[in-house]
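> here you go, sequence then predicted model.
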Number of protein chains: 2
Amino acid sequence: MTDPLVIFTPSGKRGRFPTGTPILTAARQLGVDLDSVCGGRGICSKCQVSPGYGQFSKHGVTVAPDALSEWNSVEERYDSIRGLPKGRRLGCQATVQGDVVIDVPPESQVHKQVVRKEVTARDIRMDPATRLYFVEVAEPDMHEPSGDLQRLSEALEAQWQTGPVSASLPLLRKLQPTLRAGNWQVTVALYQGHDDAAPRITDIWPGLYEGGLYGLAVDLGSTTIAAHLCDLRTGAVLAAGGRMNPQIRFGEDLMSRVSYVMMNPGGDLEMTRAVRDAINALAGEIAAEAGADPAMIVETVIVCNPVMHHLLLGIDPVELGQAPFALATSDSLALDGSDLDLAALHPAASVYILPCIAGHVGADSAAVALSEEPGKQDALTLIVDVGTNAEILLGNRERVLACSSPTGPAFEGAQISSGQRAAPGAIERVEIDPVSKEPRFRVIGCDLWSDGPGFDEATRATGITGICGSGIIEAIAEMRMAGLVDARGLNGSAEQTGSARMVPEGRTHSYLLHESSDGRRITVTQGDIRAIQLAKSALYAGARLLMDEFGVDKVERVVLAGAFGAHISPKHAMVLGMIPDAPLEHVRSAGNAAGTGARIALLNRAARAEIESTVHRITKVETAIAPKFQEHFVNANSLPHATDPFPELNRIVALPDLSFNTSGDGSEGGRRRRRRG
Amino acid sequence: MTDPLVIFTPSGKRGRFPTGTPILTAARQLGVDLDSVCGGRGICSKCQVSPGYGQFSKHGVTVAPDALSEWNSVEERYDSIRGLPKGRRLGCQATVQGDVVIDVPPESQVHKQVVRKEVTARDIRMDPATRLYFVEVAEPDMHEPSGDLQRLSEALEAQWQTGPVSASLPLLRKLQPTLRAGNWQVTVALYQGHDDAAPRITDIWPGLYEGGLYGLAVDLGSTTIAAHLCDLRTGAVLAAGGRMNPQIRFGEDLMSRVSYVMMNPGGDLEMTRAVRDAINALAGEIAAEAGADPAMIVETVIVCNPVMHHLLLGIDPVELGQAPFALATSDSLALDGSDLDLAALHPAASVYILPCIAGHVGADSAAVALSEEPGKQDALTLIVDVGTNAEILLGNRERVLACSSPTGPAFEGAQISSGQRAAPGAIERVEIDPVSKEPRFRVIGCDLWSDGPGFDEATRATGITGICGSGIIEAIAEMRMAGLVDARGLNGSAEQTGSARMVPEGRTHSYLLHESSDGRRITVTQGDIRAIQLAKSALYAGARLLMDEFGVDKVERVVLAGAFGAHISPKHAMVLGMIPDAPLEHVRSAGNAAGTGARIALLNRAARAEIESTVHRITKVETAIAPKFQEHFVNANSLPHATDPFPELNRIVALPDLSFNTSGDGSEGGRRRRRRG
C-alpha cells in the first residue's frame, strides 16, 4: 500500500507521506511556505490550514472525511481559549491519514506577498531581517558548563537552523532572568542582516511572545518626512503619517542648508538633532495612531537624498555643496537605532539606510530604482521623482542612467504668488474652456468641480485658499491651450486674448482663476509662469541629458514618482514640456515610489542585497558639469504644446497657436528685450 | 649574467632579484618580516636595514662596497631631519646592485618577538588587532562618483590588501576633512579582529601619523586590578600599575559580593559602575606614568574571574552564586570601549575579553592557560593560580582539566592576626633554626636578613609592620620543621617545645616572631595556623581532585601563578601540603600568568583564536558538587612534612617528628576533644 498523497494549495506542491505525519512536517519537507513561530508545539497557531474534502478532479484525488486525524486536545484547548476559524486545523497537530488537499491561507504563509507591483512581475514577499523564534533551551549542567547564551544559540541552531547568534550586553543582562521566568522556553526576536554577520538577538521574552513587532519605513525628504508603520509578522501597513522636516527653519532647499553650515560652524549638528528628534516624534505619533508601542519598532529603513543622508548621520554636508560633490560614504549602512539617537524605538532597533548613487542622487533614488526596477524593463523607461530636487532615472534591461536636477520648490507651491502646499482648500485641478476662456477647478477635500451644483456649500468649511503644485501646472497648461499664454510663456492682455480674466498686475497680466466673496483673488501671474518655466526646464533638461547619454530622442514609458508626481496630470505635464512626450497610456504615476522602495527593503532582506548591487550598475550623469545640460535648459524654456496633444481624451478642442506681440506692452519679456535693444 | 643574490639575516631567506630592485620589495617577495607603515614612500623610516659588506663565508658571498645603490636624496633628507643610525639604509630607497647581505634589526621587524616564554618553545610575535597604515586615496571624480570611504577602502585594499573596511558614524564625520587636510594622504588605524568581520577604521590622521598607539592589558582581580600599557607598534611595556578593586567595599570575596546583590537589588550596577570607573582611573594613571595620552589606547584586553566578568559587563552575577553556577555567556567578547563606559580610552577603542571556562573558572584561568600552555606540555603540569579563589589547571598534551577552589583570603594576609598585604615593612621570608628555634626573617623593601648587620638601620623607615601571605606560609612551614607545631597543626607550649618563643595567648600558644622596641609583637597564633590550614586544604583538595580525574597520584611539574604565587617558596608550600610533592627543580613561579596571558592576547590576534579553541577542549571539574573534594579537603588538613623535604638545598637539618600531647593542655584541639569525650 502506498503512502497517502498530500497536496498543498495554492502552491500545488505534493508528496506522499507515511500515515501519522503532521501536516506541518509534510509542508516543511516539500518546502511549502507554512508559518510556525513555536516550531510545531501547538502554541502559536501560526500554522493554521484549511483541509478540503470531497472530490478534487483537478488534482485527481478524492479526500475522505477521515483523511486527517481527529481534532485533538491541543486544538480543542486552542479553540476554546482563542477560537480557531471554522474549517481550520493546526498544521502541527493534524496528521495525515489518507490522501488530502490542504490549503494554506495567506495569513499562514511566512512569505506573504505584501507589496504588490502592478506593472512589474516581481512579488515582494515577507522576509524581514527581524523574526520571532520560540525555542526550548537546555538547562545549565555543572558537568558540561556553558553559558546560557551558548545554550540558547545551540537551541536556535538545532530548532531553527539560525547559525550561532550574538547578543549585546543589555540583552545579556536580561537573558538569565528571562530564561528562568519562561522555564527554559523563550521567544527570541532575531535580527539577521543580509550579510554574513552572525544573527543578533534583539529581544527575548519568557514563553511564547504574542505582542507586536513593528518596522518603520521612512522617506526623509527635504520638506516632509513620511513614514509607514508595518507589522513585521504580516507586512501589513498599520499606520502612515508625515510631518514637516524641521530643518526647513535652517533653509528651504538643500543648498541653503549647506550654506547654513558654511555660515554657522556646528550648524550641521543642529540640523542633525532636529531631524533625529523629528523621526522620533513621527515614530511616536504613527505608533500611537496604530495603538502600537513605538518601543516595539525593531527595524527601520530610511531613504533620503544625499544632503539629508549626511545630516541624518551627523556628517557635515559641505562637500555635497560644491564640485566634485563627494559623499563621505555611498554604500548602504546597517546601524543601530542608538547610533542615530532614535530613542523612541526599541533600544536594540536596527536601522538600514539604502545606498546613495552619487553626490546628487541619493538613497531615495535608489529606493525608487528598487520599487520601479528600470533595469528590468523591456521598454525604455523614464522615471521622474519630482521634489525640490528632481531625481531622474532612464533605462531598460540594457543599462540604467541616473541624474538629479535642481528644480527648486516651485512644483511644491513655493515661489508661486497664490501657491500653497497640497492641503484642503488648495486648487489641484484646473480646466479652461478654450473658447470662453472661463475656468473651472477642483480643490483638495472636495470631489466637485467649481462649476457644479453644491460646490460653494461643499467648500465653505475649507474655503478656497490657494493653488498647489499640481494645480499651477494644470492652470498654466490650460492657459497655454486656451491661447492665454504664448510659447515663450508670456501672458497676453485682455485685449490680446479676448478674455476679461487677463487682468493687469504691475506691468504684466495675470489670469484671474478665482475671486472669493471677500474679494481675495487667486491669480496666475507672469512671475508664476516664469517660476514654473525654470523648474520644468531643469526637469526636462535632466531627462534630455540622460536621453542623449542613452542615444535616444524619445522614451517608451514615463513614470511620475513622488507624492507630488502622483498628482500631476501627465497630459498637462507634457503640454508644459516638463517631461518628454510619450504615449499617454504609457505614462503612469507610481505614487511615493521612494517610500515604497523603503517598505520593500523593510520587509525583504534580499531586496537590500539587490539594490546594493543595482546601484553599482547605474551610470551616474552629473548635470552640474554637463555643458549640454545648460543648452537643454535654455532650449526647454518654451511651452511646446499650443494645443491639446491628446484631444481624443477630453472635450477641449484645438485652437490655432498665437504669439503675443509684446514689444509694445509692459510685460517683463518685452521690457527686457527693449533694454537690450 | 644571473641576477644579484640578496640574503636577509637573521631569517636566512634569500633570492635573486633584478638590479634596481628596492630592498623592501625583495623582502616582501621573500616573506621577510620587514616593517613599513608608509608602504615604501620613504617617509615612515620603519624599513631601516643594515647592509653588511665584505666576505660572508657562511653564506658563500662577498659583498662589494657598491652592492647597494648610493645614498639618495630621500635618505639624505630623512637623515638630516630625524637622523638615521650609522650603517642604516631605508629599505624602500636602497636598491640591489650586486650580491648583498641585509640584516633586519629587531626594531624593523613587524612581528617582533615581545613576550618570551622561558620554558615553552612558543614565540609571541607582534600581530596586534589594531595597526597603522599610511595610504594614498584617489580624489573624488564626478564622472565616477563614489564615497570617500569607498575610495579609502579601495586604496587600503590595493596598497595593503586589507579587504573592504567599515567605519563608525563619528569616524565618517571626521573622514572628509582629514582626507583633504592630508591632501589625500592619510594614516589609518585599522582594527581587524580574528573573526571574519570587515576591518574597522578606529582613527584617521592627515599625512603620516607618528604619535603613540597603545594597548592596555588588564588583570581584573577580586582584590586588585593590575594593568600593563603596551606600545602597539613595538609591543614594549611602557608602564604597569595597579589599584584596589573598589568593589571591596561591597564584599571582600566573590560570594559576599554576590550576596550584596541578593540583599540589595541593583547592587550589581553599583559594582559595575565602581569597577568601570576604576579601570578608567587606572588607565589614566598608567598612561600618565608613561607620558602617554590615554585617549590613544585603542585596544584593551581584560581577564577576570566569572563574577568579576559579569559585574564588569553589567550582568547580575547571582546565578554564579548558586548551583549550577550558570554563566550568562561563556564565549569571548569583542566589545567597544563605550559598551563598558571606558571613556578614558580612545572613543573607538576595542575591548577583548577572554572566554570563561566554567561558572567558577574564568577568563583569568583562560589567560593562564594561554600563557602557560598546559596542553602543549609533555610533562604532566599542575598550574595553581593562588588568590582569594584558586584556579587550578592540570594537564599535558593528552588533556587538560580545570577547577577552582575557594581558598579564602588567608593567603593574601587577611584573617591572619598580624597579617597584612604585601607592602614595605611586611615580613615575607622566614627561617627558624631547628635547634635553637630562633627565627630570622626579611621584610619587603630590604634585602638584609633580620640577624645581619645593618638590618635595624635599613628597616627604620618602614618599620616591621606585619606578615604577608608568603611570610605566613614560610613561618608555619618553618615552625613545623622546627618541631614547634605538630602534624595536626597544633602549636606546642614552651615546655613541650623547649622554646621560650612559644608564648601563651588565651588558651593556646603563639610563636613570637618579632617584638619591636615599643613592645608591639608579631606572632603566629593557633588561629593563624587554622586559617592557613583551611586555605591550603582547599587548594590541595582541588589539585587532588584533578589528579583523581586524570588518574594519577603525582605530577611532574608545578607552576605557581599569580602575583602571590610568584612569592611563595615552593619548598615551604610543599612542607605545608599546599601543593602535591614534586621535584623542587620542576616547581617554578610564572609570576602574573593571567596578566601575561592578557598581554599575549593584546599583542597577538592568533592567540585569541587559539585560546577560544583551547577552552573548549579543557575539561571542567566542579569542586562544589564533587563528594571527593570534601574527602580530600578533610584529609588535607594535616601538615605532612615534619622535616625539610629538600635538606640538600639548605642548612636546615632534619629533626624527628613529634606530636604534642594536647589532652592535658589548654589548646583548642585538646579542649575540643575533651568536650566530646
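Arrived safely.
> list of residues touching stretch A:430-440?
With contact meaning C-beta atoms under 8 Å, 6 or more residues apart in numbering or on different chains, stretch A:430-440 is reached by A:441, A:449-451, A:471, A:474-475, A:478-479, A:481-484, A:497-499, A:501, A:511, A:513-514, A:652-655. The way it works is simple: take the backbone N, C-alpha and C, and place the C-beta from them, glycine included.
> same check on stretch A:39-49?
Identification of contacts with stretch A:39-49 by C-beta under 8 Å, 6+ apart yields A:22-25, A:27, A:34-38, A:74-75, A:78, A:82, A:84-85, A:88-94, A:102-105, A:107-108, A:133-135, A:159-160, A:208, A:210.
> so which residues on the stretch 151-300 of chain A come close to chain B?
The stretch 151-300 of chain A comes close to chain B at residues A:167-170, A:172-173, A:175-177, A:196-197, as judged by C-beta under 8 Å from any C-beta of the partner chain.
> just for chain A, where's the confidence low?
Residue ranges of chain A with pLDDT under 70: A:112-123, A:563, A:646-677.
> thinking again about what came up before, please pick the buried ones from the contacts of stretch A:430-440.
A:441, A:450, A:471, A:474-475, A:478-479, A:481-484, A:497, A:499, A:501, A:511, A:513-514, A:652 (16 or more other C-beta atoms under 10 Å in any protein chain shown).
> keep only those of those that are in strands.
A:441, A:511, A:513-514 (DSSP state E).
> any chance of those residues in CSV, with distance to chain B too?
What follows is these, written out as CSV (distance: C-beta to the nearest C-beta, whole Å):
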residue, distance to chain B
A:Phe441, 43
A:Tyr511, 42
A:Leu513, 43
A:His514, 46
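> got CSV for those, with distance to B:Arg460 too?
CSV is the format used below for these (distance: C-beta to C-beta, whole Å):
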residue, distance to B:Arg460
A:Phe441, 106
A:Tyr511, 108
A:Leu513, 106
A:His514, 106
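> farthest-apart pair in the residues you listed, please.
The two members of these with the most space between them (C-beta to C-beta) are A:Phe441 and A:Tyr511, at 11.9 Å.
> quick one: common contacting residues for the two?
A:Ala475.
> for the residue lying closest to A:Gly471 once chain neighbours are set aside, grab the count of nearby residues.
Nearest residue to A:Gly471, sequence neighbours excluded (C-beta to C-beta, 6 or more residues apart in numbering or on different chains): A:Ile427, at 4.1 Å. Other residues near A:Ile427 come to 26 when the count uses other C-beta atoms under 10 Å in any protein chain shown.
> chain center to the host helix or strand of A:Ile427: distance?
Taking DSSP states H and E as the definition, A:Ile427 sits inside strand A:426-432. Offset of strand A:426-432 from its chain centre (C-alpha atoms, centre = their mean, to the nearest Å): 26 Å.
> repeat that for stretch A:38-50.
33 Å.
> among the buried ones among the contacts of stretch A:430-440, which are in helices?
Judged by DSSP state H, the buried ones among the contacts of stretch A:430-440 include A:471, A:474-475, A:478-479, A:481, A:497 as members of helices.
> got those as a markdown table, with distance to A:Thr329 columns?
Output for those, formatted as a markdown table (distance: C-beta to C-beta, whole Å):
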| residue | distance to A:Thr329 |
| --- | --- |
| A:Gly471 | 40 |
| A:Glu474 | 41 |
| A:Ala475 | 43 |
| A:Glu478 | 46 |
| A:Met479 | 46 |
| A:Met481 | 48 |
| A:Thr497 | 55 |
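> now for the residues you listed: which two are most distant?
Pairwise distances among those were taken by C-beta to C-beta; the largest, 20.7 Å, belongs to A:Gly471 and A:Thr497.
> surely A:Ala601 and A:Ala367 touch.
Yes - applying C-beta atoms under 8 Å as the test, A:Ala601 and A:Ala367 come out as touching, 7.1 Å apart.
> find residues that contact each of these two.
A:303, A:354, A:611.
> which of these tops the neighbour count?
Neighbour-wise, the shared contacts of A:Ala601 and A:Ala367 (other C-beta under 10 Å) top out at A:Val303, 32 neighbours.
> partners of that residue in the sheet?
A:Asp219 (DSSP bridges).
> quick check: it touching A:Asp364?
Yes - if you go by C-beta under 8 Å, A:Val303 and A:Asp364 touch, sitting 4.7 Å apart.
> give me the common contacts of those two.
By C-beta under 8 Å, 6+ apart, A:Val303 and A:Asp364 have these common neighbours: A:219-220, A:354, A:594.
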